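**Student:** Give me a model of this one.
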Amino acid sequence: MKDSYAPGFWCATTALGLITATYFYGVVQAHQIEQALVFFNSALGLIGVLAMAVLAWSAHENAQLKKRRETQGHTLVRIWDTKVALRKVETVFDRYFWGSYWQPGRTFQEVMGDLAGTPLEKSLEALKRQCEGLDEEIHDSQWHWLDNARELSTVATALARQRYLLDFCDPRTTIKGGAVVDREMETLVYTWSARLRAFDHQLDELETEYNV
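**Tutor:** So this is what the prediction gives:
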């Protein structure tokens, strides 16, 4: 790894060497050889000490940089895993509410609007585990990411219950143009989409922060 402080070190060493050589030359010219040798040996010792100190400091800085990069890489992997879990939740949610999962022959819990044991509930639990690990990775004592996952889970549960009411023709719904319109369902769907986008955007921001 290239040391960015190397040019400064060599410039300082060269300057000290030139000063020492100049002084040594002046003393020699004054016919004080013994004094010149003593000073020259002292200067060499000082240069050696300075060089060792700079090298030790440089090695320490490089070790710290390597450690930070390893930690940064581990955190990025955790962020990517959380993104994958979020994409899984999004996909299963669409299939569960609007696709193949929402079919006759469901369990009693599903019919009653309970997500327990469903693919959606399993994907949400997987997301919670990833978010808990991410909070631990970045030392977030507020459990921000886990709270985001819990909020999604709460909205999904509310949607399942509202879908149950729609299946049984909740009298609160209205008919418009032959289609069932339920304001609460619309609000929940909008809330789900907004929180999903916000979650994804926050993960992108965190990834950018650790990619710097």
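**Student:** State whether Ala85 and Glu125 are indeed in contact, as I suppose.
**Tutor:** No. Checked against CB atoms under 8 Å, the pair Ala85 and Glu125 is beyond contact range at 9.8 Å. Heads up, the C-betas are built off the backbone N, CA and C, glycines and all.
**Student:** between these two, which one's more packed in?
**Tutor:** Taking neighbours as other CB atoms under 10 Å, Ala85 and Glu125 compare with Ala85 leading, 21 against 15.
**Student:** That one and Arg195: what is the separation?
**Tutor:** Separation of Ala85 from Arg195 (CB to CB, to the nearest Å): 15 Å.
**Student:** One more: Val92?
**Tutor:** Val92 is 16 Å from Arg195, by CB to CB.
**Student:** So these two - more neighbours on which side?
**Tutor:** More crowded of Val92 and Arg195, by other CB under 10 Å: Val92, with 21 against 15.
**Student:** So for the helix or strand that contains Ala194, what gets flagged as buried?
**Tutor:** Assigned by DSSP states H and E, Ala194 falls within helix 183-211. For helix 183-211, the neighbour count (16 or more other CB atoms under 10 Å) marks Glu184, Met185, Leu188, Val189, Thr191, Trp192, Leu196, Phe199, Leu203, Leu206, Tyr210 as buried.
**Student:** For this protein, give me the ranges with low pLDDT.
**Tutor:** The model of the chain has pLDDT under 70 over residues 1-13, 15-33, 35-37, 39-40, 43, 99-114, 167-181, 212.
**Student:** All the helices of it, in order from the start?
**Tutor:** Using DSSP state H, the helices of the chain run over 6-29, 33-98, 108-111, 119-137, 144-167, 183-211.
**Student:** correct me, but Ala156 touches Thr191?
**Tutor:** No. Ala156 is beyond contact range of Thr191, at 10.4 Å (criterion: CB under 8 Å).
**Student:** contacting residues for Arg78?
**Tutor:** Contact partners of Arg78, counting by CB atoms under 8 Å, 6 or more residues apart in numbering, are Gln130, Gly133, Leu134, Glu137.
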